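**Q** my questions are about this predicted structure, shown below with the sequence.
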Amino acid sequence: MSETFSVVDKDTKERRCFGEFDVAVIGAGHAGCEAALAAAKMGFKTVVFAVTLDGIANMACNPSIGGTAKGQLVREIDALGGTMGRAADATAIQVRFLNRGKGPAVYSPRAQIDRRQYQIYMKHELEKTPNLSLKQGEIVEIVTELAPEGGETGKKYKVCGVVTHLGAFYRCKCVVACTGTYLKGRVIVGETSYSSGPDGQFPANRLSESIKALGHTIIRLKTGTPPRVNGLTVDYSKTEVQYGDEPPFTFQFDPEEKQDVRGVAGGGAQIPCYLTHTNGRTHEIIKQNLHRSPLFNGMIEGVGPRYCPSIEDKIMRFADKDRHQIFLEPLGRETEEIYLQGLSSSLPEDVQLDFVHSIAGLENASVMRPAYAIEYDAIDARELELSLESKLADGLFCAGQINGSSGYEEAAGQGLIAGINAALKLRGEEPLVLDRSEAYIGVLIDDLVTRGTKEPYRMMTSRAEYRLILRQDNADARLTEKGHRIGLISDERYERFLLRKKHVEDAVKKLETTFIGPASGVNSLLADIGSAELHAGASAADLLRRPEITLNELKKMFPDMAEVNELTPVEAEQVEIVVKYSGYIQRELLQVEQFRKRERQRIPAEIDYLKVPSISNEAREKLGKIRPASIGQAMRITGVSPADIAALMIYLKKYSSEAENCASEAQKDAGEGEVC
């Protein structure tokens, strides 16, 4: 294949083609990086475009990876063969395990990241990956052609290429749009607003029209970021220090594949964070200037994230609180810049200076970057399939903030799935669709595609119905087999996973089948830890289910139990959780089976909802727009009632019977030599 050639486009104007690719990824943020790496590693020639190569994997907001529910997403990305967890381990400057005081369903790993080192790591990962080309350029158009009439997809358009702002045309078979907050980005600080992407980068002002021309609905969303200050001007004596956890954890499940650079997982020293609070003076300054806030004076059009409000929004919504937490988080090892987590704002710069200086420890802080709000275009994700492919254009996938989500981890999870499914489409295979009982990624995508969102969507543990089996510790058990099947997990890593899985299973079995009686002397050990003595025989698993007994305590009682004593820390954590919570887990697995039964009740894609009797007009409209793949998905659509579902199931039974009769008649006619 020659590097360049000419092609005649739909406007009959000759364009020079700068290359042919299987997959083109628009945007190299957290979604774009995962999408591009997945498609390339699955063997397809891939190109990824970034408005600026210096903005690859940028952390325009919080310099952290993971956190409540988000840590589960990162673990799942790693289990499937994605890159975010490995990059985070390589560049972490502090790690903490959140929610340890609660149940294991909400344990969540979180890491402060060296922001620049993370970008360097991810850019290098893109550069050195075979089949992957990295290019600087703004994509202004997705080129399509009319899909063949009567085609299998039933879609009007088919993707055939992309065009850069310099007019370069790149032919491709699939496009993954990962546009972040760049689409018609507008930054707002007080009374001032201007066209911009995040962190002062160029916006992408033209691509929205191309996406809209395909029939997608464009919505307007908003997010924001806090001020950054020079850490040398902070009085830390007035703050509370927060150290990381020792020993540090890793996001990766497979330590033999770690590629640590300077992260704490590789022995680097942890850098502390600090905590301070707003006060009455802070709140008074903000209240006195609310009339200058674009959030309250109507200047901001986009809808902001409810679960990550600005400081002015928090003060008004939670008027009973006399202070709010502000975390001082370093941006890296070789910078003094500090991120003021919890102080997001769009107030004018002079007001920002006043309220920052009213906070303990920040009285003399030098503000390096003011806070800002940013508005941007997104699509209605209900116009996507569960594979993240457009329902309107064959070969177009969308991932990340273009789908209405917020957060690096939410973007990366979608990007990984979109990249995988673009590759599977080119292989002619069925897409990888994770359901709500398999992964937080499945919950995330199902929520966006089935219910849509009117505000930036944030993943939370409360959104997952089956969170006790979607824990961060067992993401490999849930997903690594899938990652190996599609080609993102090497045979060597898969063998190591199978060995870990066997160790866990053998240890659980040993605990359940090992019994001990009161005459063994175990009662003295139980008394030492304040546990009730045994009056009859009990299994080792029964003892471990006691709240006060940990696996480490149990090892002292059973020093010869090799299957347990030789577990790695990661394996030991899984064993302890599986045994302690076995009753709850079994109950949840029964609920999952009911859920999957509804998911297996498929709805034919060609169903005409206008012909379904006895359903409400709202249900008819939403079912026709979203076109759910199953009864389970239909049940989760807002506005579709149980009565609508019952009527639909009756209709589907009749529809299925008629389809079977038609097929039978067709076979009979064919056997008699007639043409159906």
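**A** Yes, it's here.
**Q** buried stuff in stretch 78-86?
**A** 78-86 (16 or more other C-beta atoms under 10 Å). Every C-beta, even on glycine, is put in place using the N, C-alpha and C of the backbone.
**Q** does residue 353 touch residue 365 like I think?
**A** No. Using C-beta atoms under 8 Å, residue 353 makes no contact with residue 365, being 9.2 Å away.
**Q** so for those two, which sits in the more crowded spot?
**A** Neighbour count, other C-beta atoms under 10 Å: between residue 353 and residue 365, residue 365 has more, with 23 against 16.
**Q** who's in contact with the nearest residue to that one once chain neighbours are set aside?
**A** Nearest non-adjacent residue to residue 365, counting by C-beta to C-beta, 6 or more residues apart in numbering: residue 229, 4.2 Å away. By C-beta atoms under 8 Å, 6 or more residues apart in numbering, the contact set of residue 229 is 337-338, 340, 356, 362, 365-368.
**Q** so residue 229 sits in a strand?
**A** Yes. Counting by DSSP: H, G, I helix; E, B strand; the rest coil, residue 229 is located in a strand.
**Q** would you map the strands across the stretch 501-650 of the chain?
**A** Under the criterion DSSP state E, counting those that start in this stretch, the stretch 501-650 of the chain contains strands at 515-516, 538-539.
**Q** what's the span of stretch 621-638, first residue to last?
**A** Start and end residues of stretch 621-638 are separated by 11 Å (C-alpha to C-alpha, to the nearest Å).
**Q** now that stretch: buried residues?
**A** For stretch 621-638, the neighbour count (16+ other C-beta under 10 Å) marks 622-623, 626-637 as buried.
**Q** so how far is stretch 114-126 off the chain centroid?
**A** Counting by C-alpha atoms, centre = their mean, to the nearest Å, stretch 114-126 is centred 19 Å from the centre of its parent chain.
**Q** ok, residues contacting it?
**A** Residues outside stretch 114-126 that contact it (C-beta under 8 Å, 6+ apart): 28, 33, 36-37, 48, 53-59, 63, 65, 83, 87-88, 90-93, 132, 134, 261-263, 331-335.
**Q** mind doing that once more with 7 Å?
**A** 28, 33, 36-37, 48, 53, 56-59, 63, 83, 87, 90-91, 93, 132, 134, 261-262, 331-333 (C-beta atoms under 7 Å, 6 or more residues apart in numbering).
**Q** which of these count as buried?
**A** 28, 33, 36-37, 48, 53, 56-59, 63, 83, 87, 90-91, 93, 132, 134, 261-262, 331-332.
**Q** in strands only, show me the residues you listed.
**A** 48, 93, 132, 134 (DSSP state E).
**Q** count of neighbours near the residue nearest to the last one when sequence neighbours are not counted?
**A** Spelled out, that is residue 134. Spatial nearest neighbour of residue 134, excluding adjacent residues (C-beta to C-beta, 6+ apart): residue 126 at 5.0 Å. Per other C-beta under 10 Å, the neighbour tally for residue 126 reads 24.
**Q** residue 126 is in what secondary structure piece?
**A** Secondary structure assignment for residue 126, by DSSP states H and E: helix 115-128.
**Q** do you know how far the residue nearest to residue 365 is from residue 345?
**A** Distance of residue 229 to residue 345, computed by C-beta to C-beta, to the nearest Å: 13 Å.
**Q** now do residue 428
**A** Computed as C-beta to C-beta, the residue 428 to residue 345 distance reads 50 Å.
**Q** which strand runs longest in this structure?
**A** Max-length strand for the chain by DSSP E is strand 14-26.
**Q** pLDDT of that strand, averaged?
**A** Mean pLDDT, computed over strand 14-26, is 92.
**Q** can you pull the contacts of residue 434?
**A** Contacts of residue 434 (C-beta under 7 Å, 6+ apart): 441-442.
**Q** using the three-state scheme, assign it.
**A** At residue 434, secondary structure determined by three-state DSSP is coil.
**Q** what of the one 3 residues further on?
**A** Reduced to three states with three-state DSSP, the structure at residue 437 is coil.
**Q** what does residue 386 give?
**A** coil.
**Q** what about the residue nearest to it when sequence neighbours are not counted, distance to residue 115?
**A** Closest residue to residue 386 apart from its sequence neighbours, by C-beta to C-beta, 6+ apart: residue 433 at 4.7 Å. Going from residue 433 to residue 115 by C-beta to C-beta gives 33 Å.
**Q** between those two, who's got more neighbours?
**A** Legend: neighbour count by other C-beta under 10 Å for residue 433 and residue 115, higher for residue 115 (23 against 18).
**Q** spatially central residue for the chain, please.
**A** residue 410 (2.1 Å; C-alpha atoms, centre = their mean).
**Q** and that one, what element?
**A** With DSSP H and E as criterion, residue 410 is part of helix 408-427.
**Q** next, the angle from that helix to strand 14-26.
**A** 130 degrees (axes from the mean of the first three to the mean of the last three C-alpha atoms, to 10 degrees).
**Q** now do helix 408-427 and helix 115-128, the angle between them.
**A** Using the same axes, to 10 degrees, helix 408-427 lies at 10 degrees relative to helix 115-128.
**Q** helices or strands up against helix 408-427?
**A** helix 30-41, strand 64-66, helix 70-80, strand 169-177, strand 396-398, helix 440-446 (3 or more C-beta pairs under 7 Å, 6 or more residues apart in numbering; DSSP states H and E).
**Q** tell me the average confidence for the longest one?
**A** Averaged across helix 30-41, pLDDT comes to 98.
**Q** please enumerate residues in contact with it?
**A** 23, 25, 46, 48, 56-57, 77, 82-84, 122, 125-126, 129-132, 176, 178, 399-400, 408, 411-412, 414-416, 418-420, 422-423, 488.
**Q** how does it look with 6 Å?
**A** 23, 25, 46, 48, 57, 82-83, 122, 129, 131-132, 176, 178, 399-400, 408, 411-412, 414-416, 418-420, 422-423, 488 (C-beta atoms under 6 Å, 6 or more residues apart in numbering).
**Q** equivalent analysis for the second one, please.
**A** Outside of strand 64-66, the residues that reach it under the criterion C-beta under 6 Å, 6+ apart are 74, 88, 109-113.
**Q** my guess is residue 402 meets residue 378, correct?
**A** Yes. Using C-beta atoms under 6 Å, residue 402 makes contact with residue 378 at a distance of 5.3 Å.
**Q** for stretch 161-173, which residues meet the burial criterion?
**A** Within stretch 161-173, the residues that count as buried by 16+ other C-beta under 10 Å are 161-165, 168-173.
**Q** how near is the nearest residue in space to residue 414 that is not next to it in sequence to residue 42?
**A** Nearest non-adjacent residue to residue 414, counting by C-beta to C-beta, 6+ apart: residue 399, 3.8 Å away. Plainly put, residue 399 is 16 Å away from residue 42 if you go by C-beta to C-beta.
**Q** so these two - more neighbours on which side?
**A** Shown here are residue 399 and residue 42; by other C-beta under 10 Å, residue 399 has more neighbours (35 against 22).
**Q** show me the contacts for the more buried one.
**A** Neighbouring residues of residue 399 by C-beta under 6 Å, 6+ apart: 31, 35, 178, 388, 414-415, 418.
**Q** 7 Å - rerun?
**A** Applying C-beta under 7 Å, 6+ apart, we find residue 399 in contact with 31, 35, 176, 178, 388, 411, 414-415, 418.
**Q** many thanks, have a good one.
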